[in-house]
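S.K.: Fold the following and give me the result.
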Amino acid sequence: MRIFLLFLTAALSAQEVLRGEVRIDIEPIHGAYVEEVYPLDIESVSRRALEESALFYSAIIYGWSFEYDVGERARGIAEAFELTPLGVVSFGDPGLSATDVKVQDMRLHLWTDYRLTAEQQRRLGFWKSGAVRTAQAVGYGPLGNPAEQSDWITIKKAALEDAARLAVRTMLRGSERNRPKEVRGYISLAGFPNYWVDAGQWAVSARFRVDIIEIVPFGAY
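M.R.: As a prediction, this is how the structure comes out:
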């Protein structure tokens, strides 16, 4: 029995653990915009914090594939950026646990841990490899609920996806002499992002890991 416990302890200690903090408004009111549910009870705000943590762990471990039509106004070509998730950490995942919580200034501050499986550690190892570069960006998204955005987490994802687009665009400006037409690759979060409200919008600052696998120049068309 003692040998088994020692083996189990060693196996658990070998697992990589990610850690991050999210901050959720208990009274979600921003300028003239008030959410339909107001104020949030402790159960609702705690669930939101865990759901948001799961979103960020998904983006750190799995990330997205992306297709980016860079666009050019002079040629009448619209910019388009599409992300496809490569995996999901779901609410209730056994690897996700809350570790510390406090309420300050009507915000819930929740720290969580996520214990990776062996397969997830291999995926994260790819993102940390030398071939993957990093880029920082600030993205923006609406506070309200337009028809195409149904809930609070979809709204916050929109701002994060905008930051991902700008991170790729910033990286291209630093490495490509001529503006490309299309770019494809993979992108993930390098850590938990930071959200705030700026001029009636959600703003989010995030650092990304980016692996560009194909650049299509305008000359190819």
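
S.K.: okay, now T84: neighbour count?
M.R.: Neighbours of T84 under the rule other CB atoms under 10 Å: 10. No exception for glycine: its C-beta is placed from N, CA and C like everyone else's.

S.K.: Show the pLDDT at it.
M.R.: Per-residue confidence at T84 stands at 98 (pLDDT).

S.K.: before we move on, what about G219?
M.R.: Per-residue confidence at G219 stands at 64 (pLDDT).

S.K.: R177: which element?
M.R.: R177 is part of no helix or strand, with elements assigned from DSSP states H and E.

S.K.: Neighbours of it, how many?
M.R.: By other CB under 10 Å, the residues close to R177 number 4.

S.K.: Against E161, how distant is it?
M.R.: From R177 across to E161, the span is 27 Å (CB to CB, to the nearest Å).

S.K.: From M106, how far out is the spatially closest residue to S58 that is not a sequence neighbour?
M.R.: Counting by CB to CB, 6 or more residues apart in numbering, S58 lies nearest to V89, which is 4.5 Å off, once chain neighbours are set aside. Counting by CB to CB, the gap from V89 to M106 is 28 Å.

S.K.: do the same with A159
M.R.: A159 is 21 Å from M106, where distance means CB to CB.

S.K.: Give me the more crowded residue out of the two.
M.R.: For A159 versus M106, the count of surrounding residues by other CB under 10 Å is larger for A159: 21 against 12.

S.K.: show me what contacts the more buried one?
M.R.: Shown in contact with A159 (CB atoms under 8 Å, 6 or more residues apart in numbering): G139, Y140, G141, Y195, Q201, W202, A203, V204.

S.K.: swap in I215?
M.R.: Contacts for I215 (CB under 8 Å, 6+ apart) come out as L172, E176, P180, E182, V183.

S.K.: Okay, and the beta partners of it?
M.R.: For I215, the beta-bridge assignment (DSSP bridges) gives partners V183.
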